[in-house]
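In: show me how the following folds:
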Amino acid sequence: MWKLNKSALVLVVIPFIIIGIIFLVLAFNTRPDAKTGDGYPLRTFFLLMGGFYIVLIVALAGGILLWKRGQEKRLEWFKKFGVPGTAEIISVEQTGVYINNLPQVRLKLSVTTGMIAPYTLIIKKVFNFIEIGKLIPGAKLQVLVDPRKPKNILLL
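Out: Now for the predicted structure:
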């Protein structure tokens with residue numbers, strides 16, 4: 001799973017916040033009649049830019065943290081309530097999509113758990129190149145299955 005380096009996130013956020021604060025300070029220290037090169041009020045420009053930098057980076061960082069928290073909760077839920085099972089790979093094919101230079105792969109799986117009859121499932125997932133070598137038809141993967149929605153699985 002993707003790991004979030006919180007100190008790196010803070011190091012990215014802080015410069016944008018500082019730039020936004022600088023724009024706001026400039027806005028409040030600019031003469032009210034000052035104009036930009038194209039005739040618009042300079043104070044308004046500085047206020048908009050400061051607000052833009054602060055709101056944008058806070059929204060992006062907040063969105064990343066919320067997404068990561070959701071992923072962690074999903075993992076915790078699967079560890080607590082997921083039914084252990086085995087997924088046998090029936091077929092493997094690349095989708096042609098690359099995410100962060102890693103290929104997305106379409107897997108056709110035969111999922112078996114002790115609670116429900118075996119069933120076939122197709123999933124798409126991004127794998128690193130080392131893992132792709134292990135994805136061959138007939139290989140078995142450990143999974144956790146959502147007991148309420150068996151099509152919702154977590155590869156271990």
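
In: list the buried residues in stretch 23-43.
Out: By neighbour count on 16 or more other C-beta atoms under 10 Å, the buried set for stretch 23-43 is 23-24, 26-27, 30, 42-43. To be clear about C-beta, it is placed using only N, CA and C from the backbone, and glycine gets the same treatment.

In: from those residues, which land in helices?
Out: 23-24, 26-27, 42-43 (DSSP state H).

In: in CSV, list the buried residues of stretch 23-43 along with distance to residue 74 and pLDDT.
Out: Formatted as CSV, the buried residues of stretch 23-43 follow (distance: C-beta to C-beta, whole Å; pLDDT from 0 to 100):
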residue, distance to residue 74, pLDDT
23, 38, 96
24, 38, 95
26, 44, 95
27, 42, 94
30, 48, 93
42, 48, 94
43, 46, 95
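
In: turn those residues into JSON lines, columns for distance to residue 98.
Out: As requested, the buried residues of stretch 23-43 are exported to JSON lines (distance: C-beta to C-beta, whole Å):
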{"residue": "23", "distance to residue 98": "37"}
{"residue": "24", "distance to residue 98": "40"}
{"residue": "26", "distance to residue 98": "42"}
{"residue": "27", "distance to residue 98": "43"}
{"residue": "30", "distance to residue 98": "46"}
{"residue": "42", "distance to residue 98": "44"}
{"residue": "43", "distance to residue 98": "46"}
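
In: just name the closest of those to residue 92, please.
Out: Relative to residue 92, the closest of the buried residues of stretch 23-43 is residue 23; by C-beta to C-beta it sits at 51.1 Å.

In: wait, doesn't the closest one sit right on residue 49?
Out: Yes. Residue 23 lies in contact with residue 49 (C-beta atoms under 8 Å); the separation is 4.5 Å.
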